[in-house]
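Asks: can you look at this prediction? I've put the sequence above it.
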Amino acid sequence: MVTSDKALVEQPVPAIPQENRIVMRGVSWQTYKQLMKEVGDDRAWRIAYDRGVLETRMPLEEHEEPKGLIESFVEVIADELGIEVRKLGALTLEREDLTRAVEPDTCFYIQNEALVRGRKINLPEDPPPDLAVESDYTSSSVNKEALYSALGVPELWRYTRKTLLIYRRVEGGYEQCEQSLAFPFLPIGEIPNFIEQSRTIGQRSAVKLFRQRIREILNSQSTGDS
């Protein structure tokens, strides 16, 4: 399934709790930048900006917990593979030439980690993150997929309604797929189960179980290759 930016923009926007977000229209890029400068980085709310529409939202507890676990899972995978990843959280991804900006719930440099190690990210001189993660408990007034596609993020994970959906960037938008681009061996369908287990056994115990599962998969692959 391929979705174009135009089709994404035309989709109806579901109603969401007003107390969780503020939407402002007719906001110029200069006004957006001035606002960001004045409030600084020490803020809890996150932004999405799309050609004059600025949305600010306050993350919910139900939103943050799955995001934190997914971060831990990605770090586990990196450890077990023996690779470097650069986790940059809600990094502000913005391009003035496109008049678009977005802050993911979290993001990672994986394939391009070495290219940006220790650098202050500046698009488009630097590549966008290899993976962006959105944990959706409320809908957005701004089409996030269109934003990420325009900014060139190759892979997007969306955790919503106890389901993890994987999207790869293709010409004109994103295509939902069954395998991660960064981690093709990852059992995507099992991740929501580990998140749910954390509610009863605790977060660190769930991460420990996830690590065991990743080791099983990698050991099985290694045995099969030998």
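Replies: Structure's in. What do you need? Numbers count the residues shown, from 1 in each chain.
Asks: name the helix or strand of the chain that has the lowest mean pLDDT.
Replies: Here the helix or strand of the chain ranked lowest by mean pLDDT, DSSP states H and E is helix 5-10, holding a mean of 42.
Asks: direction included, what does the helix or strand that that one is followed by pair against?
Replies: Using DSSP states H and E, the helix or strand that follows helix 5-10 in sequence is strand 21-24. Strand 21-24 has its sheet partners listed here by DSSP bridges as strand 53-57 (antiparallel).
Asks: for S72, see how far away the closest residue to L186 other than its chain neighbours is.
Replies: Leaving out its chain neighbours, the residue that sits closest to L186 by Cβ to Cβ, 6 or more residues apart in numbering is S180, at 5.0 Å. In short, each C-beta sits where N, CA and C put it, glycine included. Shown here: S180 relative to S72, a distance of 16 Å by Cβ to Cβ, to the nearest Å.
Asks: strands of this structure, start to end?
Replies: Counting by DSSP state E, the chain has strands at residues 2-4, 21-24, 46-50, 53-57, 86-87, 93-95, 100-102, 106-109, 131-136, 155-160, 163-170, 173-177.
Asks: now tabulate these in TSV and tack on distance to F210, mean pLDDT and mean neighbour count.
Replies: What follows is the strands of the chain, written out as TSV (distance: least, Cβ to Cβ, whole Å; pLDDT from 0 to 100; neighbours: other Cβ atoms under 10 Å):
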stretch	distance to F210	mean pLDDT	mean neighbour count
strand 2-4	30	48	15
strand 21-24	31	91	16
strand 46-50	26	94	21
strand 53-57	28	94	20
strand 86-87	16	98	19
strand 93-95	27	97	20
strand 100-102	28	97	24
strand 106-109	16	98	26
strand 131-136	15	92	23
strand 155-160	14	95	21
strand 163-170	13	96	18
strand 173-177	21	94	18
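Asks: OK, contacts around the spatially most central residue of the chain?
Replies: By Cα atoms, centre = their mean, the mean C-alpha position of the chain lies nearest to V133, the distance being 1.7 Å. Counting by Cβ atoms under 8 Å, 6 or more residues apart in numbering, V133 touches 67, 70-71, 104-108, 156-159.
Asks: then E65?
Replies: Shown in contact with E65 (Cβ under 8 Å, 6+ apart): 195, 198, 203.
Asks: show me where this protein dips below the pLDDT cut-off.
Replies: Counting by pLDDT under 70, the ranges of the chain that qualify are 1-19, 137-139, 224-226.
Asks: kindly recompute the last result at 90.
Replies: 1-21, 39-45, 57-64, 135-144, 160-161, 171-172, 221-226 (pLDDT under 90).
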